[in-house]
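Q: Sequence plus predicted model, see below.
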Amino acid sequence: KAGVTQTPRYLIKTRGQQVTLSCSPISGHRSVSWYQQTPGQGLQFLFEYFSETQRNKGNFPGRFSGRQFSNSRSEMNVSTLELGDSALYLCASSTRGDVGYEQYFGPGTRLTVT
Amino acid sequence: GIQVEQSPPDLILQEGANSTLRCNFSDSVNNLQWFHQNPWGQLINLFYIPSGTKQNGRLSATTVATERYSLLYISSSQTTDSGVYFCAVGSGGSNYKLTFGKGTLLTVNP
């Protein structure tokens, strides 16, 4: 069974631009979560989706948004990019929405904002 | 929210040595996972262990939920074990997120 995939793997953007990252979960997984990893803040939760519904959102500004499609694929969007948005963005999927189920992570998208 | 503390923050070993990494958490959990982050950034699942003991080759883990800690044991360490090890916990039925510790940076020298 294929793992979680994320595209693109690397991205360079300029301040003020917007970016869309994509995540395809493991087949059969319906829950998709997004995390941001930076050297200063570590791994922080962005949001979680299940059956196209956002059920939880972390403490990030409204410039960070996401959505999930009927096939469980998910996208996250960051508008008006800032230098501080440079980070590794990781997507995770699990079979069900309960946090008690094992989460599997994709390889990440490394975003650099210049 | 739940707090997760990992220790030690850094660990340097000679190849062949054994090590123990610790994860303390501040509340009851229904998910606890150990990950190894590879040099390219991907989190590799090591154990899903909200309670009990598991073993996988040279690695084993124990979670004592009642005392709110988990241990990851690495025996006969190899240079390929180097990297950052994260503990992450999930708590609460409607929380839907993992909270990560800051990680332990393990360096295994030949």
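A: Alright, I've got the coordinates.

Q: Return the distance of the helix or strand harbouring B:His36 from the chain's centre.
A: Secondary structure assignment for B:His36, by DSSP states H and E: strand B:31-37. Centroid separation for strand B:31-37 versus its chain: 5 Å, with CA atoms, centre = their mean, to the nearest Å.

Q: for A:His29, phi and psi?
A: A:His29 adopts backbone torsions of phi -80, psi 140, taken as degrees, to the nearest 10.

Q: Could you measure from it over to B:Tyr85?
A: 24 Å (CB to CB, to the nearest Å). C-beta coordinates here come from the backbone N, C-alpha and C atoms, glycine included.

Q: okay, those two: which has more neighbours?
A: Between A:His29 and B:Tyr85, B:Tyr85 has the larger neighbour count (other CB atoms under 10 Å in any protein chain shown), namely 24 against 20.

Q: okay, that one: pLDDT?
A: The model reports B:Tyr85 with a pLDDT of 98.

Q: Let me know the angle separating whatever helix or strand it lives in from strand B:31-37.
A: Secondary-structure element containing B:Tyr85, defined by DSSP H and E: strand B:83-90. Angle between the axes of strand B:83-90 and strand B:31-37 is 160 degrees (criterion: axes from the mean of the first three to the mean of the last three CA atoms, to 10 degrees).

Q: can you pull the buried residues of strand B:83-90?
A: Going by neighbour count (16 or more other CB atoms under 10 Å in any protein chain shown), the buried part of strand B:83-90 is B:83-90.

Q: next helix or strand past that strand?
A: With secondary structure assigned by DSSP H and E, strand B:83-90 is succeeded by strand B:99-100.

Q: close to chain A, is that next one?
A: Yes - using CB under 8 Å from any CB of the partner chain, strand B:99-100 reaches chain A at B:99-100.

Q: Any residues of chain B in contact with chain A? List them.
A: B:30-31, B:33, B:35, B:40-43, B:45, B:48, B:50, B:86, B:88, B:90-100, B:102-103.

Q: Parallel or antiparallel, list what pairs with the worst-scoring helix or strand of chain A on mean pLDDT.
A: Using mean pLDDT, DSSP states H and E, the weakest-scoring helix or strand in chain A turns out to be strand A:53-57, at a mean of 92. Here strand A:53-57 has these sheet partners by DSSP bridges: strand A:42-50 (antiparallel).

Q: pull the CA atoms of the partner strand into CSV?
A: The C-alpha coordinates for strand A:42-50 follow below in CSV (Å, rounded to 0.1, in the frame of the first residue of the first chain):
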residue,chain,number,x,y,z
GLY,A,42,9.2,22.6,16.6
LEU,A,43,6.3,20.6,15.3
GLN,A,44,3.0,22.4,15.6
PHE,A,45,-0.5,21.3,14.6
LEU,A,46,-2.2,23.3,11.9
PHE,A,47,-5.6,21.6,11.2
GLU,A,48,-7.3,18.3,10.8
TYR,A,49,-9.9,17.2,8.3
PHE,A,50,-12.3,14.2,8.2
